[in-house]
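1. Could you look at this predicted model? Sequence included:
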Amino acid sequence: TNQKNLFKLKYKYIFIMTNLSELNKVHKSPPESLADKWLSEPEPIIQGLQHNTEFPIECLPEIIRECVVETCSYTQVPIAFASSTALGVAAASVQHLANVARDDQTVGPISLYVLNILRSGERKSTIHKLFQKGFRDRQAELIKNFKDSSSDSNINDSSGQPQIRLPRILFEDVTMQALSLDICLGEKCALLSSSEGGTIFGGIGMKGENLMGALAFLNKAWDAESQAMTRKQTQSSYIDHYRLSSLISSQKKSLDEWLSKSVGLAEGMGFLARFLICIPRSQIGHRLYIKAPSYTPCLDKFSNSSLDSLRIKTDLTKPRILRLSENAHEIWVEYFDKIERSQAKDGKYENHTAAASKSAEQAARIAAVFTLFGNHQAERVETVEMERGIRIAEWFLDESMKLSTTINTPKSYQDAEKLLAWLKIRQKNSNQPITPGEVLQQGPNSLRGKNRRDEALEILSDKGWARLIKSDSKSYIELHPNFMKETSD
């Protein structure tokens, strides 16, 4: 009896090892040899999420580009994040210097709204602090000058508490009512900035009955429209001839929580469409220690240019007009028409018209920022700046489709995307067969429940990315050859 049992165990072992050997051959075979085993090429799980083009850093002006490269060399943040942050700071630094004219009748500000969406731990506050040094220095100068020109009795009450508003150009944790009042009574150009977007999106001024008013305020401020903020219990304000740029870096979770309660209003009012949205690929897990340099000449040059721009006084009741050169205008019109056609039926931006319809204007604003940052006396936007502005504006437009798509995507499809990303990492690190049980034990936290895992696997199967196969009654996840080829590149 023992010999029979031993024989059975030995036979079963040989059977299992033979099947596993064949299964391993599948995973180790050249992708080309497996193509005929799949009926079709895999399809995108979520349309709009396939934008993985690297940020065109070569299109940034030298003074901004070199600052970004130098800073990323030791902070190791995503280049797209550093680039968009530097762009937002540059725009806020020169927004008071001129308006840009797309033609004789279409003239507007060059302020920009930038929204970075990243994971926790991506060093958001580090980059904001480094790039905004010029703003902090200028704000310190303004406060010192104000105090030097005012007596203590005019600044403080009898208890030593401030009784008037000190000049500010950099705002973070602030309601829109307070921001409006500060602009009304103080400096006319400001940067609304936060490295933790939850302080803005979760603030009292951006929820409940205040939400619509806050969104309306920011929408009008993007165009520098005159507006009043009237309140019964607080001081009212009226602002005109002002400029406001916005630079917000937020964790996706914070933004998701806010959008879950206000997405209809935010989209319906065109709030999100005004932002240049960046959702960079995370660097977490790949940032081995690099010692920060003792000197940062490129960052210093960027900060000094920002500070120099902020020191220039201008009359916003009669803003200077920055026009496009003849060739720059021709290029801009071509881009305008291209994006307009892409919003037609079956076009690339058919379901993304809110952001697409503003992309040409964003391109002109970016080109104007490139023209003025470090060259305050520039008289017009030339061809090179317009070409670069268009490339970057189009990159941001495609990037924004990720957020728009995610907002309107069922949770099960988002789970499938998470699982696909995890499988890519798993397959790259080991060519051993993957089991559904391994997903439950080591996969994404949100998929460590059988029902959500199975639903995600079913979607991957329907889209042609993976399928379940069995060997001796045990299930394994087989991946499409193209998937394997991508992870091996």
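-> Nice, thanks for sending it over.

2. Give me the most central residue, this structure.
-> By C-alpha atoms, centre = their mean, the chain has its centre lying nearest to residue 278, at 2.0 Å.

3. quick one, phi/psi of it?
-> The phi and psi values for residue 278, taken as degrees, to the nearest 10, are phi -130, psi 120.

4. what's near enough to touch it?
-> Taking C-beta atoms under 8 Å, 6 or more residues apart in numbering, we find residue 278 in contact with 55, 80-81, 84, 114-117, 396, 399. C-betas here are computed from N, CA, C, even on glycine.

5. Apart from its chain neighbours, what residue comes closest to it?
-> Among residues not flanking residue 278 along the chain, residue 84 sits closest, at 4.3 Å (C-beta to C-beta, 6 or more residues apart in numbering).

6. in what helix or strand does residue 117 lie?
-> Using DSSP states H and E, residue 117 sits in strand 113-118.

7. Can you give the distance of that strand from its chain's centre?
-> 4 Å (C-alpha atoms, centre = their mean, to the nearest Å).

8. quick one: the strands in the stretch 351-489 of the chain?
-> For the stretch 351-489 of the chain, the strands defined by DSSP state E, counting those that start in this stretch occupy 380-381, 466-471, 474-479.

9. and if you look at the stretch 101-250 of the chain?
-> Secondary structure of the stretch 101-250 of the chain (DSSP E, counting those that start in this stretch): strands at 107-108, 113-118, 170-171, 189-194, 227-229, 237-239, 243-251.

10. so what does the fourth one touch, helix or strand wise?
-> It stands for strand 189-194. Packing contacts for strand 189-194, counted by 3 or more C-beta pairs under 8 Å, 6 or more residues apart in numbering; DSSP states H and E, involve helix 79-94, strand 170-171, helix 176-185, strand 243-251.

11. right, so these: which one is the most enclosed?
-> For the helices and strands packed on strand 189-194, ranked by mean neighbour count under the definition mean count of other C-beta atoms under 10 Å, the leader is helix 79-94 at a mean of 27.

12. Between strand 189-194 and that helix, find me the angle.
-> Here the directions of helix 79-94 and strand 189-194 differ by 150 degrees (axes from the mean of the first three to the mean of the last three C-alpha atoms, to 10 degrees).

13. Helix 79-94 vs strand 113-118, what angle?
-> 160 degrees.

14. can you give me the mean pLDDT across helix 79-94?
-> In this model, helix 79-94 has a mean pLDDT of 97.

15. how far does it sit from the chain's center?
-> Once both centres are worked out by C-alpha atoms, centre = their mean, helix 79-94 turns out to sit 11 Å from its chain's centre.

16. ok, now stretch 411-426?
-> 21 Å.

17. and what of stretch 274-290?
-> 9 Å.

18. ok so, going back, make TSV out of the strands of the stretch 351-489 of the chain and add mean neighbour count, distance to residue 67 and mean pLDDT.
-> Formatted as TSV, the strands of the stretch 351-489 of the chain follow (neighbours: other C-beta atoms under 10 Å; distance: least, C-beta to C-beta, whole Å; pLDDT from 0 to 100):
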stretch	mean neighbour count	distance to residue 67	mean pLDDT
strand 380-381	22	22	96
strand 466-471	15	43	82
strand 474-479	19	41	83
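
19. export these to a markdown table and tack on distance to residue 365?
-> Converted to a markdown table, those look like this (distance: least, C-beta to C-beta, whole Å):
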| stretch | distance to residue 365 |
| --- | --- |
| strand 380-381 | 10 |
| strand 466-471 | 43 |
| strand 474-479 | 44 |
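
20. I'd like to know which of those strands lies nearest to residue 237.
-> Closest to residue 237 of the strands of the stretch 351-489 of the chain, according to C-beta to C-beta: strand 380-381, at 33.5 Å.
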